[in-house]
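1. quick check, what structure comes out for this input:
(2 chains)
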2 protein chains.
Amino acid sequence: MDKFLQAAIEEAKKGLNNGGIPIGSVLVLDGHIVGRGHNQRIQKDSSVLHAEMDCLENAGRLKASDYRRATLYSTLSPCDMCSGAILLYGVKKVVVGENKTFCGPEEYLRSRGVELVIHDDHECRQIMASFIQKNPELWNEDIGE
Amino acid sequence: MDKFLQAAIEEAKKGLNNGGIPIGSVLVLDGHIVGRGHNQRIQKDSSVLHAEMDCLENAGRLKASDYRRATLYSTLSPCDMCSGAILLYGVKKVVVGENKTFCGPEEYLRSRGVELVIHDDHECRQIMASFIQKNPELWNEDIGE
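-> Have a look, this model is predicted:
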């Protein structure tokens, strides 16, 4: 298991333990985690802090050259908003835990020059399947449905 | 002048008066402003709270059907991230103060079914031109350059 994907899963679990939607993300720069985050919809009543956004926010204001060397990890395929943030900052590589539960605009990201590595991680899928079964309305809200 | 665009400009000025990047946004639902926001990069050291994101965050957790009836106003053409948020929530109409200072992925938004109304508002352009002349590094940081 990729240790950075594992760190993103730990973020997802941290969110779950706080009553949140279990999606986690880390930002890796030069082999080190420089930001960690998880979905904050419930905990902070937030409509914009998806895991990837929370991670970017927690990473702080980085240099453009840093974003371009960084890799963003997420337990779930990034949605339109998070994909847009990836494009804004020119993050060149994204590692995704799974894209079966939800699949964002991956082809569009590729067309804009982003490398995507898609895993099919059982734990990432399982944690979301369990959450969605118990909280279908919260999940639909999170993806704008 | 469209009163809602005027309200977005007031938000931009509020940001400027607090030392921030002067971009403002409002979200309008059924003829009423339900969210207001402005760029918070400097004030909150935020990498994700562009004006439109701050506005969506301040609007709170709306129903999917509300977002789809809403119109988002911004003093400046939405970047990739803010355009992504518009797509995530299915906001169908966006009114833009100007797109000369910066132009986001407007054609992509249109291809995804979003109606864009682009003004060429002098005040929106002027407030940004003045800010960028004095703070080119902050502006570049805000657009990931």
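2. quick check: which element contains the residue in chain A positioned nearest to chain B?
-> Per C-beta to the nearest C-beta, A:Gly84 is where chain A lies closest to chain B, at 2.4 Å. All C-beta atoms are positioned from the backbone trio N, CA, C, and that covers glycine. According to DSSP states H and E, A:Gly84 maps onto helix A:80-89.
3. isn't the residue of chain A closest to chain B right next to B:Cys79, touching?
-> Yes. Applying C-beta atoms under 8 Å as the test, A:Gly84 and B:Cys79 come out as touching, 7.4 Å apart.
4. higher neighbour count, these two?
-> Remark: of A:Gly84 and B:Cys79, A:Gly84 carries more neighbours, 30 against 24, as counted by other C-beta atoms under 10 Å in any protein chain shown.
5. contacts for the helix holding A:Gly84?
-> Contacting residues not belonging to helix A:80-89 are listed as A:48, A:50-53, A:56, A:62, A:64, A:67-68, A:72, A:74, A:78, A:94, A:104-105, A:108-109, A:112, A:114, B:47-48, B:79-85, B:87-88, B:143-144 [C-beta atoms under 8 Å, 6 or more residues apart in numbering or on different chains].
6. report the angle between it and helix B:80-88.
-> Angle, helix A:80-89 to helix B:80-88, by axes from the mean of the first three to the mean of the last three C-alpha atoms, to 10 degrees: 170 degrees.
7. which of the residues in stretch A:86-105 are buried?
-> By 16 or more other C-beta atoms under 10 Å in any protein chain shown, the buried positions in stretch A:86-105 come out as A:86-91, A:93-99, A:101-102, A:104-105.
8. buried sites along stretch A:17-27?
-> In stretch A:17-27, the ones that count as buried by 16+ other C-beta under 10 Å are A:Gly20, A:Ile21, A:Pro22, A:Ile23, A:Gly24, A:Ser25, A:Val26, A:Leu27.
9. nearest to A:Gln40 among the residues you listed?
-> Each of the buried residues of stretch A:17-27 was scored against A:Gln40 by C-beta to C-beta, and A:Gly20 proved nearest at 6.7 Å.
10. got a list of what that closest one touches?
-> Taking C-beta under 8 Å, 6+ apart as the criterion, A:Gly20 is in contact with A:His38, A:Asn39, A:Gln40, A:Arg41, A:Ile42, A:Gln43.
11. mind listing what's buried in the host helix or strand of A:Phe131?
-> According to DSSP H and E, A:Phe131 maps onto helix A:122-134. In terms of neighbour count (16+ other C-beta under 10 Å), helix A:122-134 has its buried residues at A:Glu123, A:Cys124, A:Arg125, A:Ile127, A:Met128, A:Phe131, A:Ile132.
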